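Asks: Pasting a predicted model and its sequence here:
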Amino acid sequence: MKTIYVIVCLLLASFPLLRAAEPEASPFPGLQKAMLPADYEAAGLQKLEPAERAKLDEFIRSYVAISNEKVATSAVDKAVKENKVSAPEVIQSKIVGPFTGYNGRTIFTLENGQRWAQSQRDSAYYPKIDSPPVIIVKKGFGYRMYIAGGGEIRVTLVR
């Protein structure tokens, strides 16, 4: 019980760090600077308003970041399956979309591309939380997911 208390305290203490760790600015300079002027004009991007260009640039930054994270997760999963490395002891990510609890058969989709299923048949309901951060900790032969504002539950990796 003391171990769970320590992990929960660490989890709660790490949420501000997770926010601080998110990059404020991406190395992607924007389409206008990244493309050759002739290509930029040929694509008709000069017709976009500055706000529209900024929204498109932000979409590309976000898409590339998520794609890179999925590629890295896939590489780790492949290395674990081939017994080149052991599975990570701690995984940090966020649930994709709103979280309102679990019903005994819930599958959690994370931003890193992983899907985790409940391995215990409990049900719990919480006030809606948009994309809450989670920490998954390897415990003995299984995993336990700690959800910010949503308690904890035993889970198994689906993919």
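Replies: Everything's here; your move.
Asks: Residue 128: what's it in contact with?
Replies: By C-beta atoms under 8 Å, 6 or more residues apart in numbering, residue 128 lies in contact with 98, 99, 100. Heads up, the C-betas are built off the backbone N, CA and C, glycines and all.
Asks: Which residue lies closest in space to the last one, excluding its sequence neighbours?
Replies: In other words, residue 100. Excluding the flanking residues, the one nearest residue 100 by C-beta to C-beta, 6 or more residues apart in numbering is residue 128, at 5.2 Å.
Asks: Tell me the secondary structure of the one you found, please.
Replies: strand (DSSP: H, G, I helix; E, B strand; the rest coil).
Asks: Number the chain from 20, please
Replies: In the new count, where the first residue is 20, that last one comes out as residue 147.
Asks: Which elements pack onto the helix or strand containing residue 136?
Replies: Using DSSP states H and E, residue 136 sits within strand 134-137. The elements that strand 134-137 packs onto, with contact taken as 3 or more C-beta pairs under 8 Å, 6 or more residues apart in numbering; DSSP states H and E, are strand 126-128, strand 170-176.
Asks: just to revisit the earlier point, which among the contacts of residue 147 end up buried?
Replies: By neighbour count, with 16 or more other C-beta atoms under 10 Å, those hold residue 118 as buried.
Asks: give me the low-pLDDT residue ranges for this protein?
Replies: 20-47, 84-100, 102-107 (pLDDT under 70).
Asks: Quick one: end-to-end distance for stretch 156-175.
Replies: In stretch 156-175, first residue to last residue: 11 Å (C-alpha to C-alpha, to the nearest Å).
Asks: Starting from the strand holding residue 136, tell me which strands it pairs with and how they run.
Replies: strand 126-128 (antiparallel), strand 170-176 (antiparallel) (DSSP bridges).
Asks: rewinding a little: out of the contacts of residue 147, which comes closest to residue 164?
Replies: residue 118 (11.0 Å; C-beta to C-beta).
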